[in-house]
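>>> Everything below, folded, please.
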Amino acid sequence: MDRLSGQKGKIVAVCISEKKGTRKANVGKGRLLVDFGLENDAHGGPWHRQVSLLAMESIEKMRNMGLDVKPGDFAENITTEGIDLVSLPIGTRMKIGTEAVGEVTQIGKECHTRCAIYYQAGDCVMPKEGIFIKVLQGGPVAVGDVLEVI
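The predicted model follows:
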């Protein structure tokens, strides 16, 4: 059995925004759509970075540096707790909530320019600690839902 399989965490925020490169608002719940991402989110579309995930542990790191930040401030769609996201290899599948399934497509990202988040928050953990998935199976997603590596 794969050592990562069965790892579980929980969702602490579900966030969307109308524009790319801005902080997202925690709306508490949403729907993941196949080949799109999170319904009503600016980052959705038929590409490899449909949904972004960031661990609450990463946000806490920024808070410990004195930044006043919360879930959604780094433009992540789903804020998680309890799973070491950056340790998940590309291709890892995870069950999100009761129905949805996503596959890790990218770990971190290169930021060519400093976006609004960097200037508002003073730093950004997304390039180093955020991950991206594509939606293989859609379904509802909400704060409190379980996230499980499968």
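
>>> wouldn't Tyr91 be in contact with Gly102 here?
I think there's a mix-up here, since residue 91 is Gly and not Tyr. No: applying Cβ atoms under 8 Å, one finds Gly91 not in contact with Gly102, separated by 11.4 Å. Quick note: C-beta positions are derived from backbone N, CA and C, even for glycine.

>>> And the two? Which one has more around it.
In terms of neighbours (other Cβ atoms under 10 Å), Gly102 is the more surrounded of Gly91 and Gly102; the figures are 26 against 8.

>>> what distance separates the helix or strand hosting that one from the middle of the whole chain?
Assessed by DSSP states H and E, Gly102 sits inside strand 100-107. Its chain's C-alpha centre and that of strand 100-107 lie 10 Å apart, by Cα atoms, centre = their mean, to the nearest Å.

>>> Quick check: buried residues in that strand?
For strand 100-107, the neighbour count (16 or more other Cβ atoms under 10 Å) marks Ala100, Val101, Gly102, Glu103, Val104, Thr105, Ile107 as buried.
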